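Novice: coords please:
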Amino acid sequence: MNNTNMSPLQLAELLSDYWSPKIIAEINDSYVKVAKLKGHFVWHRHDQEDEMFIILKGELTIELYDKQVELFAGDIYVVPKGVEHNPVAKNECLVMLIEKKSTQHTGKLINKNSKSIQQQLGLV
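Specialist: This is a model prediction of the structure:
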């Protein structure tokens, strides 16, 4: 958790691994996370939870089956629960995510990109 006076952008800039979100705060039943993204992630969905992306720096495309959502620094986009999506960052992109604590990183899909809550908390 963020016990420093650093901004989410500063915390995201410190990350070394792509697609490996880190939890920086919690509020009620949700986590606030930062992540460094580059390249393609994986198609997945969260059956019971919405997922909010806040772009801190760079550009992100969220691929949906019927459209692509282009996001830039300062933009916010919520992927509704149950909607399959694939985040893509052509160049490095820093994001803040707000998700319910029950949200699994890649939904029901478990693969090499999946990070557990313990990993996101920095406990593993």
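Novice: use CA for all of it now, contacts and neighbours both
Specialist: Will do.
Novice: the helices in this structure, which residues?
Specialist: 8-14, 117-120 (DSSP state H).
Novice: so what does the first one touch, helix or strand wise?
Specialist: Pointing back at helix 8-14 there. Applying 3 or more Cα pairs under 8 Å, 6 or more residues apart in numbering; DSSP states H and E, one finds that helix 8-14 contacts strand 30-40, strand 51-57, strand 85-100.
Novice: want to throw the ones you listed into JSON lines with mean pLDDT and distance to residue 20?
Specialist: Shown next, in JSON lines, are these (pLDDT from 0 to 100; distance: least, Cα to Cα, whole Å):
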{"stretch": "strand 30-40", "mean pLDDT": "94", "distance to residue 20": "6"}
{"stretch": "strand 51-57", "mean pLDDT": "97", "distance to residue 20": "14"}
{"stretch": "strand 85-100", "mean pLDDT": "95", "distance to residue 20": "11"}
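Novice: Looking at those strands, spot the one closest to residue 67.
Specialist: strand 85-100 (10.0 Å; Cα to Cα).
Novice: Tell me the buried residues in that closest one?
Specialist: Across strand 85-100, burial judged by 16 or more other Cα atoms under 10 Å covers 85-89, 93-100.
Novice: From the chain's centroid, how far away is stretch 54-62?
Specialist: 10 Å (Cα atoms, centre = their mean, to the nearest Å).
Novice: Can you tell me which of the helices of the chain has the worst average pLDDT?
Specialist: Among these, helix 117-120 carries the lowest mean pLDDT, a mean of 63.
Novice: show me the contacts for the closest residue to residue 96 other than its chain neighbours.
Specialist: Nearest residue to residue 96, sequence neighbours excluded (Cα to Cα, 6 or more residues apart in numbering): residue 34, at 4.4 Å. The contact partners of residue 34, taken as Cα atoms under 8 Å, 6 or more residues apart in numbering, are 8-9, 11-12, 21-24, 94-97.
Novice: Tell me how far residue 34 lies from residue 82.
Specialist: 22 Å (Cα to Cα, to the nearest Å).
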